[in-house]
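Chemist: Sequence below, structure please.
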Amino acid sequence: MGLAQAAPPIHVLKDPNCGCCEAWVRILRTEGFEVTTETSFGTLLISHKLDNGIPQEMISCHTGEIDGYFIEGHVPPADIRRLLSERPDVVGLAVPGMPYGSPGMGPEESREAYDVFLIRRDGSTEIFTSYEAA
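Modeler: From the prediction side, this is the model:
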């Protein structure tokens, strides 16, 4: 598992009652990421996201922090690896909302189309990766 050494640790803030957050964490671990989790919810979690440059329209249920980047929502492990490889000067990545079939949100073979967004430091966004409906 050569990729396991390449991934820095990721720290995830999540609601303790959210099953999809836990499913995403399990997927990251399966993909070789070392994951730590911290319980946070409500206004405290939302404030943490906004204070760290995640625009309100990009918010999802959990937030990861890895190697200076924020990972918001059900971002696929391949996109996290690409971000870490390319090292752009940005806040991080986001999959807003909770699209069905994204990692941790149901089977990929029946997913709905969704986009992974790059969040720039000025708060603007651009599409980083698009996933078509399965």
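
Chemist: Tell me who's in contact with C20.
Modeler: C61, H74, M98, G104, M105 (CB atoms under 8 Å, 6 or more residues apart in numbering). C-beta coordinates here come from the backbone N, C-alpha and C atoms, glycine included.

Chemist: So the third one versus V75, what's the distance?
Modeler: Looking back up the chat, that one is M98. For M98, the distance to V75 (CB to CB, to the nearest Å) stands at 12 Å.

Chemist: Same check on the last one?
Modeler: Look at M105 and V75: by CB to CB, they are 11 Å apart.

Chemist: where does the chain have low pLDDT?
Modeler: Low-confidence segments of the chain (pLDDT under 70): 1-6.

Chemist: Just the buried residues of stretch 109-117, please?
Modeler: R111, Y114, V116, F117 (16 or more other CB atoms under 10 Å).

Chemist: Please convert those residues to CSV, extending it with secondary structure and distance to D79.
Modeler: Listed next are these as CSV, based on DSSP: H, G, I helix; E, B strand; the rest coil; distance: CB to CB, whole Å:
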residue, secondary structure, distance to D79
R111, coil, 14
Y114, strand, 11
V116, strand, 5
F117, strand, 10
